[in-house]
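# Fold the following for me, if possible:
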Amino acid sequence: MFGFLLVAGTLLKLIGVISIDSDWFWFLTGIALTIEGFINMLKQWQFDRKYKIILRDDLKEN
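Numbering: from 1, shown residues only. Sure, this is the predicted structure:
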């Protein structure tokens, strides 16, 4: 989602519809990437709690 907003923002800046300083743009990009990373980390934790990965070697030992 944030990627789409960044692409749209870049396109609007290149066309001249909006005028935003590049420092602010990179600041907003960093915030967006941090939020997406945090969301992905939460989803991975939920997956790890819900499913247990069993290796084939572990199955052969039992």
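
# Under the pLDDT cut-off, which ranges of this protein? List them.
Flagging of the chain using pLDDT under 70 yields the residue ranges 61-62.

# Helices of that one, residue ranges please.
Along the chain, the segments classed as helices by DSSP state H run 2-15, 22-50, 56-61.

# so can I have a markdown table of these showing mean neighbour count?
Where you see a C-beta, it was placed from the backbone N, CA and C, and this is true even at glycine. Output for those, formatted as a markdown table (neighbours: other Cβ atoms under 10 Å):
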| stretch | mean neighbour count |
| --- | --- |
| helix 2-15 | 12 |
| helix 22-50 | 11 |
| helix 56-61 | 7 |
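
# Run through the residues that contact the residue nearest the centre of the chain.
Nearest residue to the geometric centre of the chain (Cα atoms, centre = their mean): residue 36, 3.1 Å. Residues in contact with residue 36 (Cβ atoms under 8 Å, 6 or more residues apart in numbering) are residue 2.

# ok, it to residue 16 distance?
28 Å (Cβ to Cβ, to the nearest Å).

# got it, and residue 4?
From residue 4 across to residue 16, the span is 20 Å (Cβ to Cβ).

# now residue 7
Relative to residue 16, and taking Cβ to Cβ, residue 7 is found at 16 Å.

# my guess is residue 5 meets residue 31, correct?
No: assessed by Cβ atoms under 8 Å, residue 5 is found out of contact with residue 31, at 11.3 Å.

# Torsion angles phi and psi at residue 19?
Residue 19 adopts backbone torsions of phi -130, psi 110, taken as degrees, to the nearest 10.

# you'd agree it is up against residue 13?
Yes: with contact defined as Cβ under 8 Å, residue 19 counts as touching residue 13 (7.4 Å).

# contacting residues around the nearest residue to residue 10 once chain neighbours are set aside?
Closest residue to residue 10 apart from its sequence neighbours, by Cβ to Cβ, 6 or more residues apart in numbering: residue 25 at 7.8 Å. Going by Cβ under 8 Å, 6+ apart, residue 25 touches 9, 10, 13.
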